[in-house]
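Q: Here's a sequence, model it:
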Amino acid sequence: MMTNLFSVFDPTSSIFNFSLNWMSTFLGLMIIPSTFWLMPNRYNIIWNNIFITLHNEFKTLLGPTGHLGSSYLFISLFSIILFNNFLGLFPYIFTSSSHLTFTLTLALPLWISFMMYGWINHTQHMFAHLVPQGTPSILMPFMVCIETISNLIRPGTLAVRLTANMIAGHLLMTLLGNTGPSLSYSLISFLIFTQIALLVLESAVAIIQSYVFAVLSTLYSSEVN
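A: Got it, this is the predicted structure:
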């Protein structure tokens, strides 16, 4: 029992011999965003500009019928793929975006959710998408089959495109790197230059593929509205 009612305010009280009285002082500071304490540096300014540009572009692709805040989902998708692609360029780091387990985990739930939303809420609109405007009557059954197949393979194409592009560049760099010990000194300098050029190319591919994945996901989302 407490000997004194006011002992709860005593700074010397402890739990398991750990003085936690002043912890409450810092709990509030942890909630405040770190940017509150700092002036925006160039890194923050660059990312803010990228996010604003992507937000405006995705908002245009989604159209006036798109739900408010939908673009932030695709910006997050772009960011996570971009970070994983770039991390894979460093030595001895596992490239998760070069495996179908990772890419299908991103593409399949997105596509299923779009399809469920579209068929439940806009059934007539989804049926109309199966037959492009101006299709002759005799070709309508074939167009329905073609459109259905193209719709079903969308998550697969999204996943395989990202996986294949990540594997191709990494594989080429690995194969060229393994030939280094058997080359002469004059060819090694050329090999190093080639590897640097490939690394720059792979950096561009990392950005482009994450952008393509996010843009195509946005377009698939805009079709069901």
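
Q: ok, Tyr43 to Leu87 distance?
A: With distances taken as Cβ to Cβ, to the nearest Å, Tyr43 is found 17 Å from Leu87. In short, each C-beta sits where N, CA and C put it, glycine included.

Q: got a list of what the residue nearest the centre of the chain touches?
A: Central residue of the chain (Cα atoms, centre = their mean): Leu77, 2.8 Å from the mean position. Residues in contact with Leu77 (Cβ atoms under 8 Å, 6 or more residues apart in numbering) are Leu106, Leu110, Phe213, Ala214, Ser217.

Q: Need these in JSON lines (columns: secondary structure and neighbour count).
A: Listed next are these as JSON lines, based on DSSP: H, G, I helix; E, B strand; the rest coil; neighbours: other Cβ atoms under 10 Å:
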{"residue": "Leu106", "secondary structure": "helix", "neighbour count": "20"}
{"residue": "Leu110", "secondary structure": "helix", "neighbour count": "20"}
{"residue": "Phe213", "secondary structure": "helix", "neighbour count": "25"}
{"residue": "Ala214", "secondary structure": "helix", "neighbour count": "25"}
{"residue": "Ser217", "secondary structure": "helix", "neighbour count": "24"}
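
Q: would you turn those into CSV with pLDDT?
A: Shown next, in CSV, are the contacts of Leu77 (pLDDT from 0 to 100):
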residue, pLDDT
Leu106, 90
Leu110, 90
Phe213, 93
Ala214, 92
Ser217, 91
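
Q: More neighbours: Tyr43 and Leu87, which one.
A: Set side by side, Tyr43 and Leu87 show more neighbours around Leu87, with 14 against 8, by other Cβ atoms under 10 Å.

Q: With adjacent residues omitted, what lies nearest to that one?
A: Residue nearest to Leu87 in three dimensions, not counting chain neighbours: Ile93, with 5.3 Å by Cβ to Cβ, 6 or more residues apart in numbering.

Q: I'd guess the one you found is in a strand, am I close?
A: No - the assignment for Ile93 is coil, going by DSSP: H, G, I helix; E, B strand; the rest coil, so no strand is present there.
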